[in-house]
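**Q** Predicted coordinates and the sequence they were generated for:
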Amino acid sequence: MLDIIIVGGGPAGLSAAITARLRNNSVTIISNDKTGTGLYKAPLVENYPGLPGISGADLIERLTEHSADAGACLITGKVTTILPVGGVFNIGYGSDILASKSVILAIGAAQTSLFPGEEELLGRGVSYCATCDGMLFRGKRICVVCQSPDAEEEAGYLESIGCEVVRVCTRDVRIIGEKRVTSVFDGGEEIKCDGVFIFRQAVAPHLLLAGLETDRGYIRVSQAGETSIKGVFAAGDCVGKPHQIAKAVGEGQVAALSANEYIREKEI
């Protein structure tokens, strides 16, 4: 049982990890591949205090090294679900699950527009995790919506376990069904199917964690980084503008201090 799981390995998440470790919490960061982020690809960062002229890659590498030296564990993976059960948070990524006493969301500003029918049919034929749900569709026809670098690998896995896969690579997608998915419209073409696997860089915050309050795509937080769900905190670009590194680092620290306080109060 971990004290804190941090979802996201950008400046906010790494800052939160460093602060949490300084307060003696056990910490694991789960994050997508950092080399695909906009910050990592930035050739020059001119406005981070004390480090003028640093590249985005160098800045992320320094923060990552600092968090590792502090004792945080870093896992590369995509979180697809967070499930609170009895005061514990079960975080699913790939085929694995980790449990923690609290969660810090630092997932960046991936403003995801959902497809028509996606939210309504989530869990009724719509899935984001091939490893978790693929066997439920063995021998059935499914559509794989490819919007992330790992989509082709995931589609190949679904084929390997016996799914009939139709790849959909446009953004003009509509998911049809009442009680369950029955078809997908790809542009003007209807594709009959039993399920839809959607692979994006990130899952929309309120679909990642049921009951999480958002405002125009951003996670709603208090000044202490508290979300609408007790024990869950958020920081960085996912909580709103301006999308600046220094702001994200500060908010990560605040979220970590709040998570530490939450954990200690539960132990009393």
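**A** Arrived safely, thanks for sending. Residues are numbered from 1 along each chain as shown.
**Q** From here on, just use CA atoms for contacts and neighbour counts.
**A** Will do.
**Q** who's in contact with the helix or strand hosting residue 15?
**A** Using DSSP states H and E, residue 15 sits in helix 11-22. By Cα atoms under 8 Å, 6 or more residues apart in numbering, the residues outside helix 11-22 that reach it are 4, 6-7, 26-29, 60, 63-64, 66-67, 70-72, 104-106, 235-236, 245, 248-257, 260.
**Q** What pairs with the helix or strand where residue 144 lies, parallel or antiparallel?
**A** Per DSSP H and E, residue 144 falls inside strand 141-146. Strand 141-146 has these partner strands in its sheet, going by DSSP bridges: strand 164-168 (parallel), strand 195-199 (parallel).
**Q** just so I know, which of the ones you listed lies nearest residue 41?
**A** Counting by Cα to Cα, residue 41 lies closest to strand 195-199 out of the strands paired with strand 141-146; the figure is 22.0 Å.
**Q** what's the next secondary structure element after that closest one?
**A** With elements assigned by DSSP H and E, the helix or strand that comes after strand 195-199 is helix 205-208.
**Q** Residues in contact with that next one: which ones?
**A** Contacts for helix 205-208 (Cα under 8 Å, 6+ apart): 79-82, 119, 212-214, 217, 219.
**Q** Apply 7 Å and report the result again.
**A** If you take Cα atoms under 7 Å, 6 or more residues apart in numbering as the criterion, helix 205-208 is touched by 80-82, 212-214.
**Q** Residue 126: which of those is nearest?
**A** Looking across these and measuring by Cα to Cα, the closest to residue 126 is residue 80, at 12.5 Å.
**Q** one step back: what mean pLDDT would you report for the helix or strand following the strand holding residue 144?
**A** Note on strand 141-146: by DSSP H and E, the next helix or strand toward the C-terminus is helix 151-160. Helix 151-160 comes out with an average pLDDT of 93.
**Q** Just the contacts of helix 11-22: which are in strands?
**A** Secondary structure defined by DSSP state E assigns 4, 6-7, 27-29, 104-105 of these to strands.
**Q** from those residues, which two are the most distant?
**A** Every pair of those checked by Cα to Cα; the farthest is 27 and 105, at 13.0 Å.
**Q** For stretch 229-236, which outside residues touch it?
**A** 12, 102-106, 108, 212, 221, 225-227, 247-248, 251-252, 255, 259, 262.
**Q** Go through those and flag which are in helices.
**A** Here DSSP state H is the test, and those give 12, 247-248, 251-252, 255, 259, 262 as lying in helices.
**Q** Would you format the residues you listed as JSON lines with neighbour count included?
**A** Output for the ones in helices among the contacts of stretch 229-236, formatted as JSON lines (neighbours: other Cα atoms under 10 Å):
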{"residue": "12", "neighbour count": "34"}
{"residue": "247", "neighbour count": "17"}
{"residue": "248", "neighbour count": "28"}
{"residue": "251", "neighbour count": "26"}
{"residue": "252", "neighbour count": "32"}
{"residue": "255", "neighbour count": "33"}
{"residue": "259", "neighbour count": "29"}
{"residue": "262", "neighbour count": "16"}
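**Q** which two in the residues you listed are spaced the farthest apart?
**A** Applying Cα to Cα across those, the maximum distance is between 247 and 262, 22.5 Å.
**Q** Mind listing what's buried along the lowest-mean-pLDDT helix or strand in the chain?
**A** Ranked by mean pLDDT, DSSP states H and E, the weakest helix or strand in the chain is helix 130-133, scoring a mean of 82. With burial defined by 16 or more other Cα atoms under 10 Å, the residues of helix 130-133 counted as buried are 130, 133.
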